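**Student:** Prediction below, plus the sequence it came from.
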Amino acid sequence: MGLKKTEQKEFAKILFLDNSKKLTVKEIAVRVGVQEKTLAGWIKTEAWDRLRKSLLVTRKQMISDLYDQLEFLNNTIKNRKDKVADSREANTIAIITTSIKKLETEISIGEIYEVATQFLDYIKPVDFDMYQKLIPHFDVFIQLKLK
């Protein structure tokens, strides 16, 4: 017996968001048993592209990159005769440090998704009925966070 539409959609979303496999829309549609047009509609209406992109860049990596930029700028200032930042450099330092602080205190959609997925993976073998009840709520929660 085939999957119900909600199960197909859930399975398609899992496959689409799995960046390690990098399946095409056609491959996912075949595996799930839906038309490419149907899958494309789900991807568009539920913003799966945005969600997948947010999962690619972790907050930890973004913070690390910003610290690298800050270190480069500070080293550039230290290595010249006048060791004081000009107004443009000072502004850049302020923007970078504000961005770091914001990233260190806020939770990204990718992290929310990762923790929730781990929780759902834990629940699934323990209480499958609860798992099925939680999936739609999780999807709505993620969609609200994307707005």
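**Tutor:** All right, it came through fine. Since the model is a prediction, treat every value here as computed from it, not as a measurement. Numbering: from 1, shown residues only.

**Student:** mind listing the helices for the chain?
**Tutor:** Using DSSP state H, the helices of the chain run over residues 5-17, 25-32, 36-45, 48-56, 59-78, 87-105, 109-126, 128-146.

**Student:** any chance of those helices in TSV, plus mean pLDDT and mean neighbour count?
**Tutor:** C-beta coordinates here come from the backbone N, C-alpha and C atoms, glycine included. Shown next, in TSV, are the helices of the chain (pLDDT from 0 to 100; neighbours: other Cβ atoms under 10 Å):
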stretch	mean pLDDT	mean neighbour count
helix 5-17	83	17
helix 25-32	90	16
helix 36-45	94	14
helix 48-56	78	16
helix 59-78	91	13
helix 87-105	91	12
helix 109-126	85	13
helix 128-146	84	13
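
**Student:** List the residues that contact the residue nearest to Phe11 when sequence neighbours are not counted.
**Tutor:** Leaving aside its chain neighbours, Phe11 sits nearest to Val32 (5.2 Å; criterion: Cβ to Cβ, 6 or more residues apart in numbering). Residues in contact with Val32, defined by Cβ atoms under 8 Å, 6 or more residues apart in numbering, are Leu3, Gln8, Phe11, Ala12, Leu15, Leu39.

**Student:** roughly how far apart are the last one and Thr24?
**Tutor:** This points to Leu39. Leu39 is 10 Å from Thr24, where distance means Cβ to Cβ, to the nearest Å.

**Student:** Likewise for Ser99?
**Tutor:** Remark: distance between Ser99 and Thr24 (Cβ to Cβ) = 34 Å.

**Student:** now swap in Ala90 and tell me
**Tutor:** Counting by Cβ to Cβ, the separation of Ala90 from Thr24 is 47 Å.

**Student:** again with Ala94
**Tutor:** With Cβ to Cβ as the criterion, Ala94 and Thr24 are 43 Å apart.
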